[in-house]
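**Student:** Quick check, what structure comes out for this input:
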Amino acid sequence: MASKQSMIPIVSKAFCSLSEVVLVVRRRPHVVNGGGFVVTDCKQRAIFSVDGCGILGKKEELILRDANGNPLLLIRRKGGIVEALSITRTWKGYKNDFLGSQKLVFTLKEPNTLCLSNKNSIRISIESKELSNYGNFEIRGDFSDKDCSIVNSRGDAIAQVGVQEELEQVMTSKDLYHVSIKPGIDQAFVFGVIAILDYIYDGSTRC
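**Tutor:** Residues are numbered from 1 along each chain as shown. Have a look, this model is predicted:
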């Protein structure tokens, strides 16, 4: 179990559990391409949803919502000529602060496939000054196979993406998979990262 002191509320402490949580990601049905996905608990209750570009009408922009449809994170990819020449592509996750203005909470850098250094790993930086002591995070494994982890600066996995064996035997796609999240870790942050990975790897959020 996690103590209150060990919680990492990157988006909100409301999404930090005292025990390990396993949630299921399911491609949202009956929508156009780029519709996004829904996250449910073991009782099939919706916990989060992600709107992709098919719903928002904008490429390289995503919204993570809570169970009531309230926006938690606005996620955008930085563009332009400068980024095209860079060795990485940068995504940014914003939340609204108590005054209603956008506050940058994390950035994710993916290797630019146009560059020779595309073997670099995907790295996530926490931009909040209050949480800067938690360090950075990294993606290890292959999200396209739904077999990867988000690890902290010490190399400890804080979240694991996988497909249950019984589901893998009957499914040819990875449209249904589970995410195990360690105690104290902000689940909204984890699914903000997964939303970006889904887009990067031509998932349900991408048009």
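**Student:** Going by C-alpha atoms from here, please, whenever you check contacts or count neighbours.
**Tutor:** Will do.
**Student:** Identify the bridge partners of R27.
**Tutor:** F37 (DSSP bridges).
**Student:** Now do it, the pLDDT please.
**Tutor:** Per-residue confidence (pLDDT) for R27: 88.
**Student:** wait, isn't it in contact with L176?
**Tutor:** Yes. Between R27 and L176 there is a contact under CA atoms under 8 Å: 6.8 Å.
**Student:** in the chain, which spans are strands?
**Tutor:** For the chain, strands defined by DSSP state E occupy the ranges 21-27, 36-40, 46-51, 61-66, 71-77, 88-96, 102-111, 122-126, 137-142, 147-151, 157-162, 176-181.
**Student:** In a markdown table: these, plus mean neighbour count and distance to I200.
**Tutor:** As requested, the strands of the chain are exported to a markdown table (neighbours: other CA atoms under 10 Å; distance: least, CA to CA, whole Å):
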| stretch | mean neighbour count | distance to I200 |
| --- | --- | --- |
| strand 21-27 | 20 | 15 |
| strand 36-40 | 23 | 13 |
| strand 46-51 | 24 | 14 |
| strand 61-66 | 23 | 12 |
| strand 71-77 | 21 | 11 |
| strand 88-96 | 21 | 10 |
| strand 102-111 | 19 | 8 |
| strand 122-126 | 19 | 11 |
| strand 137-142 | 18 | 12 |
| strand 147-151 | 19 | 14 |
| strand 157-162 | 21 | 16 |
| strand 176-181 | 21 | 17 |
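**Student:** would you list those strands in TSV and tack on distance to S12?
**Tutor:** Putting these into TSV (distance: least, CA to CA, whole Å) gives the following:
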stretch	distance to S12
strand 21-27	16
strand 36-40	17
strand 46-51	13
strand 61-66	11
strand 71-77	9
strand 88-96	10
strand 102-111	11
strand 122-126	14
strand 137-142	18
strand 147-151	18
strand 157-162	16
strand 176-181	15
